[in-house]
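1. missing the sequence, but the structure's below:
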């Protein structure tokens, strides 16, 4: 609790410090590559025959996903706090890579916890983290995926709290993480808003993003929350089926509960044990959801749907062949939703789809699952 | 010295110094064995039993208790079952009984339902590992209404202000965590424990139990120099793990060694 209070204090101080924001903006620009383009997907739009589709290209950020927005922000806080050791959890590995990246940039010791099942299916990212100088510790307990990595990271943190900062990668966990991580990702929506107004002269009809922990989605949504006419659509992992254990759609089968310091919708059994989850995409494979999403859903401000493994894989291939962009399997869930939704919308309407990451890390999974690569 | 804390109609009694609080994971390897272990431990001189509710994500626990939870969860064990198990123990003994659990299983059951069932089972109180005092209002209301002790964890990194809040919210005893970290036996007890207890003494008249990492008679006796009770968890759970078929006898023997007067 003391570490959380310290973090919150530092963060509040940093927010009021113009030098902090300037330095962060500078790194986001010259190091991470912001602003990211908002790209009009002309061929995809034509193919679906409905609303105009714009892709927010977080996949073009350094390290290949939106994660670095938060990592840079928190890394600058670590510097202010004078800590030398950073730990993180990672599912698909993108947050782990982004953490290892900023640690190399600023000279911190870095340890990343990753479920051994995730290490197997996202091998490229494991190698990248090690090349960047981070120690990757495999977690063999529980389901051997993201939630187990978080458990182990939290255990490390409470043990080493005096010297170590826990660089949490999503809008989850105890306060101040959900707020702070969201704030670091708000740049996504802020940029997209300016960009769409410039391109179309109006706000979008809808913003669509995939939701694992919920960081890329809340980053894309936040700027538009106050614009009541803009629909906000979060896409969860529909996995293989609706059966508990076969998906990671918290709003489909979950109920309020506490996991890892957060009170939100959780996939759990009748005894309150946390359920196993499944998704073809490691980054969406998590039984709880960022509390701000729970709030948006309960308020009726955002709508949450799901895309199945099969739909995500198909969407990945479609985007690759229609626009020359291979999205991460996580982001492919958002693409799967626009494939369903755009045809039902008017041609004058505009949809923004957040492409939260690139799909290079998923080559292994794509190879396992798609026959199309043989021709 | 006899310390009597009235809660329910039972009492948590720390009759020797230090008194022993023993933790077991219910259902490891199964409830029938846990029953034998608990009764043997009581016979051997334990003052309070912490009945651990196994949880899928025990983030405050080290590998020993993690493994115990995994084993127990193979039986799909519920909080209700553990409460009825506690009721059965209560019929056989007056020993102090505290439920040791993470928050989610309680929330799932419903706090009011849980407190009522805990009272009915004859439990003395509970310790909810991941419930910070700041979030405990509803829990405290339900528990206090039914005269159930609310035990909270104080850590070496807790600020003075939080220690004050923890002391205010606690009843039965205060659990002082001996070091930063998770459960698990360690070779030395650090200075952290003594310092923390010293800080707590300024803020509470409740008895204080020191836990995490205690596994030897020397460490156990050392705690008695500055605290009323010592909690032994992982060391006991590991003995259970290592002695299949003779869990109860092995635990009783270990407890005997802990409680033996120093030569």
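-> Everything's here; your move. Everything numeric in this text was worked out from a predicted model, so none of it was measured.
2. Please count neighbours and contacts with C-alpha atoms only from this point.
-> Will do.
3. tell me the contacts of residue A:67?
-> Residues near residue A:67 by Cα atoms under 8 Å, 6 or more residues apart in numbering or on different chains: A:94-95, A:98, A:169, A:216.
4. Then residue B:61?
-> A:155, B:182-184.
5. Swap in 7 Å and give it another go.
-> B:182-183 (Cα atoms under 7 Å, 6 or more residues apart in numbering or on different chains).
6. any idea how far it lies from residue B:237?
-> 12 Å (Cα to Cα, to the nearest Å).
7. helix or strand right after the lengthiest helix in chain A?
-> Scanning chain A for the helix with the most residues, using DSSP state H, yields helix A:177-200. Per DSSP states H and E, the first helix or strand lying C-terminal to helix A:177-200 is strand A:206-210.
8. ok, residues contacting that following strand?
-> So strand A:206-210 is contacted by A:217, A:221, A:230-236, A:330-331, A:333-334, A:350-354 (Cα under 7 Å, 6+ apart).
9. For it, which strands pair with it and how are they oriented?
-> With DSSP bridges as the test, strand A:206-210 is paired with strand A:231-239 (parallel), strand A:350-355 (parallel).
10. any chance of these in TSV, with mean neighbour count and distance to residue A:185 too?
-> Listed next are those as TSV, based on neighbours: other Cα atoms under 10 Å in any protein chain shown; distance: least, Cα to Cα, whole Å:
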stretch	mean neighbour count	distance to residue A:185
strand A:231-239	27	16
strand A:350-355	27	12
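11. wait, which of these is closest to residue B:205?
-> strand A:231-239 (50.8 Å; Cα to Cα).
12. Quick one: mean pLDDT for the closest one?
-> Averaged over strand A:231-239, pLDDT sits at 98.
13. which other helices and strands contact the next helix or strand after it?
-> Note on strand A:231-239: by DSSP H and E, the next helix or strand toward the C-terminus is helix A:250-253. Other helices and strands packing on helix A:250-253, by 3 or more Cα pairs under 7 Å, 6 or more residues apart in numbering or on different chains; DSSP states H and E, are strand A:262-266.
14. Quick one: residues in contact with the strand it packs on.
-> Counting by Cα under 7 Å, 6+ apart, A:172-174, A:250-251, A:254-258, A:287-291, A:294 sit against strand A:262-266.
15. So which of the residues you listed sit within helices?
-> A:250-251, A:291, A:294.
16. Out of those, who's the most crowded?
-> Among those, the one with the most neighbours (other Cα atoms under 10 Å in any protein chain shown) is residue A:250, at 27 neighbours.
17. Please tell me I have it right and it contacts residue A:287.
-> Yes. Here residue A:250 reaches residue A:287: they are 6.5 Å apart, a contact under Cα atoms under 7 Å.
18. about what we covered before: let me have the strands paired with strand A:206-210 in a markdown table, extended by distance to residue A:27.
-> Below are those laid out as a markdown table (distance: least, Cα to Cα, whole Å):
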| stretch | distance to residue A:27 |
| --- | --- |
| strand A:231-239 | 29 |
| strand A:350-355 | 21 |
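19. Nearest to residue A:313 among the ones you listed would be which one?
-> strand A:231-239 (11.0 Å).
20. what does the closest one rub up against?
-> Contacts for strand A:231-239 (Cα under 7 Å, 6+ apart): A:205-212, A:217, A:221, A:246-249, A:278-280, A:284, A:302-309, A:333-334.
21. let's see it at 8 Å
-> Against strand A:231-239 from outside (Cα under 8 Å, 6+ apart): A:205-212, A:217, A:221, A:225, A:246-250, A:278-281, A:284-285, A:301-309, A:333-334, A:337.
22. just stretch B:92-99 next, same as before
-> Residues contacting stretch B:92-99 (Cα under 8 Å, 6+ apart): B:10-13, B:42, B:46-53, B:86, B:123-127.
23. Next, count neighbours for the closest residue to chain A within chain B.
-> Closest residue of chain B to chain A, Cα to the nearest Cα: residue B:181 (3.6 Å). The burial metric for residue B:181, expressed as a neighbour count using other Cα under 10 Å, is 21.
24. residue contacts, it?
-> Contacts of residue B:181 (Cα under 8 Å, 6+ apart): A:155-160, B:60.
25. Please repeat the previous calculation with a cut-off of 10 Å.
-> By Cα atoms under 10 Å, 6 or more residues apart in numbering or on different chains, residue B:181 lies in contact with A:154-161, B:60-62, B:155, B:212-213.
26. Over to residue A:296?
-> A:218, A:225, A:232, A:302-304.
27. what does the stretch 151-300 of chain A have sitting close to chain B?
-> By Cα under 10 Å from any Cα of the partner chain, the part of the stretch 151-300 of chain A that sits against chain B consists of A:151-162, A:255-261, A:263, A:266, A:268-276.
28. Only whichever of the residues you listed are buried, select them in ChimeraX.
-> A single ChimeraX command selects the buried members of those (16 or more other Cα atoms under 10 Å in any protein chain shown):
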select /A:151,152,153,154,155,156,157,158,159,161,255,256,257,258,259,260,261,263,266,268,269,271,272,273,274,275,276
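29. so of the residues of the stretch 151-300 of chain A next to chain B, which ones are in strands?
-> If you go by DSSP state E, those have A:255-259, A:263, A:266 in strands.
30. Farthest pair within these?
-> Longest span within these, Cα to Cα: A:255 and A:259, 11.7 Å.
31. pLDDT value on the residue in the stretch 151-300 of chain A positioned nearest to chain B, please?
-> Across the stretch 151-300 of chain A, the shortest distance to chain B (Cα to the nearest Cα) belongs to residue A:159, at 3.6 Å. For residue A:159, the pLDDT comes out at 88.
32. Quote the end-to-end distance of stretch A:85-97.
-> Start-to-end, stretch A:85-97 (Cα to Cα) is 16 Å.
33. And for stretch A:217-236?
-> Stretch A:217-236 has an end-to-end distance of 11 Å (criterion: Cα to Cα).
34. ditto for stretch A:198-209
-> 21 Å.
35. Number of residues surrounding residue B:209?
-> Around residue B:209 there are 26 residues (other Cα under 10 Å).
36. I meant to write residue B:91 there.
-> For residue B:91, the neighbour count with other Cα under 10 Å is 10.
37. For it, which residues are in contact?
-> Here residue B:91 is in contact with B:121-122 (Cα under 10 Å, 6+ apart).
38. Can you tell me the SS state at it?
-> Reduced to three states with DSSP: H, G, I helix; E, B strand; the rest coil, the structure at residue B:91 is helix.
39. and residue 81, what is it in contact with?
-> Just so you know, I chose chain A. A:6-7, A:10-11, A:75, A:163-165.
40. The intended chain is chain B.
-> Neighbouring residues of residue B:81 by Cα under 10 Å, 6+ apart: B:26-27, B:31, B:53, B:87.
41. Next, see if the helix or strand harbouring residue A:86 gets close to chain B.
-> Taking DSSP H and E as the criterion, residue A:86 maps to strand A:85-90. No. Strand A:85-90 stays clear of chain B (Cα under 10 Å from any Cα), getting no nearer than 13.5 Å.
42. helices or strands up against that strand?
-> Strand A:85-90 sits against helix A:68-81, helix A:94-106, strand A:109-115, strand A:135-139, helix A:146-160, strand A:164-166, with contacts defined as 3 or more Cα pairs under 10 Å, 6 or more residues apart in numbering or on different chains; DSSP states H and E.
43. Deepest in the core, which of those is it.
-> Greatest average neighbour count among the helices and strands packed on strand A:85-90 goes to strand A:109-115 (a mean of 26), per mean count of other Cα atoms under 10 Å in any protein chain shown.
44. So which elements touch it?
-> Strand A:109-115 packs on strand A:85-90, helix A:94-106, helix A:123-131, strand A:135-139, helix A:146-160, strand A:164-166, going by 3+ Cα pairs under 10 Å, 6+ apart.
45. Can you give the strand pairings for the first one, parallel or anti for each?
-> Just to be clear, that refers to strand A:85-90. Checking strand A:85-90 against DSSP bridges gives partners strand A:109-115 (parallel), strand A:164-166 (parallel).
46. In a markdown table, list these along with distance to residue A:368 and mean pLDDT.
-> Compiled in a markdown table, the strands paired with strand A:85-90 are given as follows (distance: least, Cα to Cα, whole Å; pLDDT from 0 to 100):
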| stretch | distance to residue A:368 | mean pLDDT |
| --- | --- | --- |
| strand A:109-115 | 20 | 97 |
| strand A:164-166 | 34 | 97 |
